[in-house]
Each structure stands twice: as structure tokens, then as C-alpha cells.
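>>> Sequence and predicted structure, then a few things I'm wondering about:
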Amino acid sequence: MAPLFSWWGKESHGGTPVVVKMENPNWSMVELEGPSEDDFLITSPSGRRRDKGRGKNAKQLTWVLLLKAHRAAGCLTSIAPAFLALASAVKRRLASGRTDADADNETDGGREKENPTVKSRFYSFIKVFLWLSVILLGFEVAAYFKGWHFGAPHIQLDYLWATSFGVKGLFDWLYSRWVWIRVEYFAPPLQFLANVCIVLFIVQSLDRLILCLGCFWIRFKRIKPVPKECAIDLESGEKGFFPMVLVQIPMCNEREVYHQSIAAVCNLDWPKSKLLIQVLDDSDDPITQSLIEEEVKKWQQEGANILYRHRVIRDGYKAGNLKSAMNCRYVKEYEFVAIFDADFQPTPDFLKRTVPHFKDNEELGLVQARWSFVNKDENLLTRLQNINLSFHFEVEQQVNGIFINFFGFNGTAGVWRKKALEESGGWLERTTVEDMDIAVRAHLHGWKFIFLNDVECQCEVPESYEAYRKQQHRWHSGPMQLFRLCLPDIIRSKISIWKKFNMIFLFFLLRKLILPFYSFTLFCIILPMTMFVPEAELPAWVVCYIPATMSFLNILPAPKSFPFIVPYLLFENTMSVTKFNAMISGLFQLGSAYEWVVTKKTGRSSEGDLVSLIDKGTKCQRGVSVPDLEEMKAEIQRKEQKQKASKKKKHNRIYLKELALAFLLLTASARSLLSAQGIHFYFLLFQGISFLLVGLDLIGEQVD
């Protein structure tokens, strides 16, 4: 009897069709695209699907296996070029010879850098653990081949054997002494520190879980701030609330992005007689100064009420710049102050969606809008930042705004009541987080805040690890400076006990101090050390399950980022070294706590907006002040060429702390492999690789 199926056609890969020829006349021939085991669909003349399980035979299974083997071979062939490209990148990185230490010894805009001896203390601390782990790994490997491969479940047996029975040689005697020392002296304090970090980890995870539940409740009940109905404005004749608004754009040497923020603010839909724009330029580059001043003059000719202001004495960074601008006489006429950084592009209706919340709400001091990112899909680093910042805005800021009426001001894309700024003491230059400083003082004076999750303001996130690392250092050292300064004021303030508890424990200690402390200590120091002192243990749920759950919760506000959940978990632990170092610097007032470096911008976001918005007309251009399209395109091409030329002069750097921790974790993973600890081995291996990639600056923007 002839077989039911016969297969013909060449072997295929990808989308090449496979033809199934049916020798039974009661069944039709079907042509399939993209062959796989699930694709063999057989239909009868009635159009019904026949159970594929019944039609399988040896030839079919053989064909499926051959197809899968062919696909696997195709994947394997792509692995080799990927590894070669990675090896080439590593070779270039090592040949460049530029490390983070070299970068830190350079000057930034004439500002003196931190003493290298102070900055190297933390690196020396990590190197001690690295060399200790290398020595212990060699010791453990030798012991393993001698049969001394003990794990934590055999602690008592190891201890009794090492102390009660005789030993045969010098190495056996040394190893038995080492087992006794680690049981008696190393394991107890290490286990105690591990338990403390586990408790802090659980508390912080519960706080994050409560925030997520609060966000779910807000979505379920559709809670959001709603402004009161506004009457017709007599002067403009429009329906709405149109008080006097001052818009400030502080900037410093940001040639790539100044024009887009100026253009966006000049196109705000607000009565011109009630809007004044201050461009607060702190640039020390004469060319940048002239470019910004020329841009302001162009918009003045277009009819915008805009002023250019440059400080002669440039003290206090951004806080000093804003403080100086608020001392101008004409500022007294304005009731509200909107602030935008140089890379922010508010929509024309931004003020109409934020300012009305102040009407008949005299206790409201701040309205904060959400950030959105034009370059969130540029590379892996920007995708991971988008996950973090989406959680920060949609969960942390929104929940605190709805239930507590307090959160940290983000420094931009917000509108302040000028009276709240003045009663709180104005802008102070005592920390590198002037935005959080003014928010804390305003809250202590009884002012309330509103966060608008549905009002977005476009900006960009750092595309290079160097810029992101410096930004995170400032964001995590500044809060610890502020905590030292504000703690007495918080205790003496007249706010409720609950608000004091929220500000001291939740806002500062738990989210700004405890989080970087346990993240670095637990996963970068204690976990690898438990591989060499197995008597101190970390349970699997601490290493894997809770971190995975927290990463899942963090990624919920950015659901399109789910494929990056594992890189996100590993990268957050990798960033803990920078955040921990910054937290210690701020807490103990080390030199780097006062380091302010302007985050580098690319201006990438403006180019697409410029060309698209030019077509809408000359009166509503967000990114250009000259209505000539051809001239604008030429300007864009010149900018692209200039950016390419500048990139050739830059170097990706090697980060010594991250590299030292990479080798520490990889050494610990090798020790874990000897004791067959499954989940710990995989975590240490992948976390070590993550540190290695970051240490070699293979994440983020790649330059020659």
C-alpha cells in the first residue's frame, strides 16, 4: 500500500515554501510558508483541519528534525561573527588606554576635580575583596582536587573532621585550619550582615509593592487631578485661567539642544502680554553664548516676549542661576514660574493644562508634569533608563502626589507658585539637588504638590554610559547631602508625625540610602563572599525570586520593555556600585559630593521635529526660527557632520570599579560551580558578565 504522504522540494530555511503532496485523492494539497512542526496543516475538502498528530509518521518527524537542525545551524553561524565583533570592540577598548580614573583627573569647564586619593578609596576597597577571592579560589581548587569539596550542608561534618582527626600533609593541615577559622570567625559576622541586608531588602520590596498597589488603585478608580472650571478671561476673550507666567530656561554649554527648547517655549499657547521667557545662559564658551543670544534675537523679531541673560559671576551652578534670575525687578509682576531644562520641549498647550490647577487652590505650590523620551529606543542603555524613569513617574510620583500631596520636584517641566518659592527660602546653592531641596522646604511650609501623569514633556536621556554614570552620581549624592542639612528642620517642623515619618524614613532613608546600600552590599560583596565562606548562606528566594518579582513590577509601566527584563535586573545591580559610592560621598561630605557635571545631550530629538514641523507653517515652528526649509535641511546636515567629527575625537572609557567587581563575581561563580550551587552560579555568572560589559563601556553609545 502506498504511503499517505510524500515530500518533495528542496531543504529550506526561513520563509522558503514547503509543498506537501497528498497521494490520497480525498485530501487537498497545501502550500506552507515558514516550515516548522506546527506549520504542517492538512485540510480536507470540507475545509476542516485534520489532527496533525494522527498524520505523523517517521518521514514527517525526520523532516521536522532536519528543519530544526538547519535553523539551529543558522543561529550558530551568527554567533561566531557576534563574538568576533565583541572581541574586536574589547581590543579597541583596551588599546585606547582611557580609564575612568584618567577622565576624573581632567577638568570640566575650568572646574577643579576631586582629589584622586579620595576617589580611589572605594576602588581599593573593592580590589581587596577581588584579590582575596582570587587567592581563596586557588586554595579551593587545590582542595577540590584533593577531595575537600564541602558545601554548607556538611558544615558540622567538615568542622569535626578538620579538628578531631589527624591530617596527612601541610596542605591538609592548612585547609583544616581555614575551615575552622571561617566557621568560628568569618561565618557569624558575614551571616549577620547578610541577615541585616535581607531584612532591608524585604522592607524595601514591600514599599515598592505598596506603591504598585497604589498605582493599580489609581488606575482602577481612574483617579487624577482635575482643575476647576474657568470663566472667560476678560483681556484675552478666551475661556481659561491666564495669570502672569514667567518661563525660565537655565542652560550651560548646551549647544546641541538650546534652539529646540527656546523654540518650543516661544510657541506656548498663552497670551503674550502675560508671558515672559528668560533664557538663563551660564555658558563659558563664547561661541555657544553668541549662538544662544542670536537665537533669542531671532525670536524677539518674531514677536516673542523673550530675554537673554548671562551671568558674569557663575556661582552655585543651576541653583545660583535660578536664584540670580529671580532677583530681577520685573519678576515681581509674575505669579507663577515654569522651568524647563535645555533639552525639554513642552507642547503648545502645556501651560493651559498645568496652570489652571492653581485656580482657587491657594495651598498648591507645584504642578509637575511627566517626562517622555524621544530617544528611548536608541540603544540598550536608553531602553533600560526608560524602564526606570517610567516606574519613577507613573508609580512613585503619581502615588505620592495623589495620596500624600508631596514628591520630589524633578527640576524641570514643572510650574511653581512664586509665593511658595519665596516663603520656602528660594533657591539655595548648598547641594547638587536644588530641585529636591526646594521641594522639601516647601513641603515643610505646608505647600501641596500635584503630579499630572497625562501631561508629558519631551526630553532625552543620556545615550552614553559616561554621561549616565555622572548623572546618577549627582542624583544619589545630593539627597544624602540634603538629608544631613534638613533633618533638624524636619524634626522641628509643625507638620504631622506621619508626614515626618514619610519624609525621614520613606523618602530619604529607605529610597535614597537603604536601596543603594543593600543592593551593592548584598549582591556585589556578601553573595560572592558566601561562595568562599559557605557556612554563611543566602537563600535562593533572595538571590532570584524576589529580585525577579520586583523587576517584573518595575517594568509594568513600560510593557513594551518586557523583553529586557533580565538585562534590566542585571543592569540595576551593576549600577549599584555607582549609586553606593555616590551615597557614601554625600552622606560623609566627600569631595565628589559637590561635583556637578552637566549631562551631555545629543540634540538628536530636535532634527526630526524640525523638518516635520516646518511643513505646518511658519508661525508654529517648534524647532526653528527661520522658515526656509532648504536652509534648515542644510543646517541639519552641517550639524550631523559636526556630531560625527566630534565623535571621532571621543573615546569609550574603561571603568575600573566595574571591572574589578566583574572579576570578583566571575571568580565567585567559579567557586560556586565547584560546590554545585545552581541558582547562585547562574546569577553570579550573568551578573559578572554584566559588570564586564559595563566596565568595558560596551553598553550605550559607541564611539571611535
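Received, thanks.

>>> element containing the spatially closest residue to Leu685 that is not a sequence neighbour, please.
Setting aside the residues directly before and after it, Leu685 is nearest to Ser669 in space (CB to CB, 6 or more residues apart in numbering), at 4.4 Å. (Each C-beta comes from the backbone N, C-alpha and C, glycine too.) Following DSSP states H and E, the helix or strand that holds Ser669 is helix 656-674.

>>> what about that helix, distance to the chain center?
On the basis of CA atoms, centre = their mean, to the nearest Å, the separation between the geometric centre of helix 656-674 and that of its chain is 24 Å.

>>> helices or strands up against it?
On a contact count with 3 or more CB pairs under 8 Å, 6 or more residues apart in numbering; DSSP states H and E, helix 656-674 meets helix 100-104, helix 116-145, helix 527-532, helix 565-587, helix 678-695.

>>> Let me see the mean pLDDT of that helix.
Regarding helix 656-674, the rounded mean pLDDT is 92.

>>> Same check on stretch 505-517?
Across stretch 505-517, the average pLDDT comes to 94.

>>> and after the helix or strand that contains Pro479, which helix or strand comes next?
If you go by DSSP H and E, Pro479 is part of helix 465-492. Once helix 465-492 ends, the next helix or strand along the chain (criterion: DSSP H and E) is helix 497-501.

>>> Please work out the average pLDDT along that next one.
Per-residue pLDDT values over helix 497-501 give a mean of 94.

>>> now stretch 174-185
Across stretch 174-185, the average pLDDT comes to 86.

>>> Which of the helices and strands packed on helix 656-674 sits closest to Phe241?
With distances scored as CB to CB, the stretch of the helices and strands packed on helix 656-674 nearest to Phe241 is helix 565-587 (39.9 Å).

>>> The closest one vs helix 678-695, what angle?
With axes from the mean of the first three to the mean of the last three CA atoms, to 10 degrees as the criterion, the two stretches helix 565-587 and helix 678-695 enclose an angle of 70 degrees.

>>> Show me what helix 565-587 is packed against.
Of the remaining helices and strands, those touching helix 565-587 by 3+ CB pairs under 8 Å, 6+ apart are helix 116-145, helix 380-391, helix 465-492, helix 515-520, helix 546-555, helix 656-674, helix 678-695.

>>> looking at those helices, which is closest to Trp447?
Using CB to CB as the measure, helix 465-492 is the one of these that comes nearest Trp447, at 14.6 Å.

>>> quick one, the closest one and helix 656-674 angle?
Taking the same axes, to 10 degrees, one finds that helix 465-492 is oriented at 90 degrees with respect to helix 656-674.

>>> So which elements touch helix 465-492?
Of the remaining helices and strands, those touching helix 465-492 by 3+ CB pairs under 8 Å, 6+ apart are helix 380-391, helix 434-444, helix 565-587.

>>> Show me what counts as buried in the next helix or strand after the shortest one.
Elements were assigned by DSSP H and E; along the chain past helix 434-444, the next helix or strand is strand 448-459. Within strand 448-459, the residues scored as buried using 16 or more other CB atoms under 10 Å are Lys448, Phe449, Ile450, Phe451, Leu452, Asn453, Val455, Glu456, Cys457, Gln458, Cys459.

>>> does the second one really touch Leu366, like I thought?
Yes: counting by CB atoms under 8 Å, Phe449 touches Leu366, with 4.5 Å between them.

>>> which residues are in contact with both of those two?
Contact criterion CB atoms under 8 Å, 6 or more residues apart in numbering; residues shared by Phe449 and Leu366: Phe409, Ala439, Ala442.

>>> Surely Leu538 and Thr530 touch.
Yes: Leu538 sits in contact with Thr530 when judged by CB under 8 Å, with a separation of 5.6 Å.

>>> Now list whatever residues contact both of these two.
Residues touching both Leu538 and Thr530 comprise Ala194, His680, with contact defined as CB under 8 Å, 6+ apart.

>>> Helices of the stretch 201-350 of the chain, residue ranges please.
Along the stretch 201-350 of the chain, the stretches classed as helices by DSSP state H, counting those that start in this stretch are 258-266, 286-301, 317-326, 350-354.
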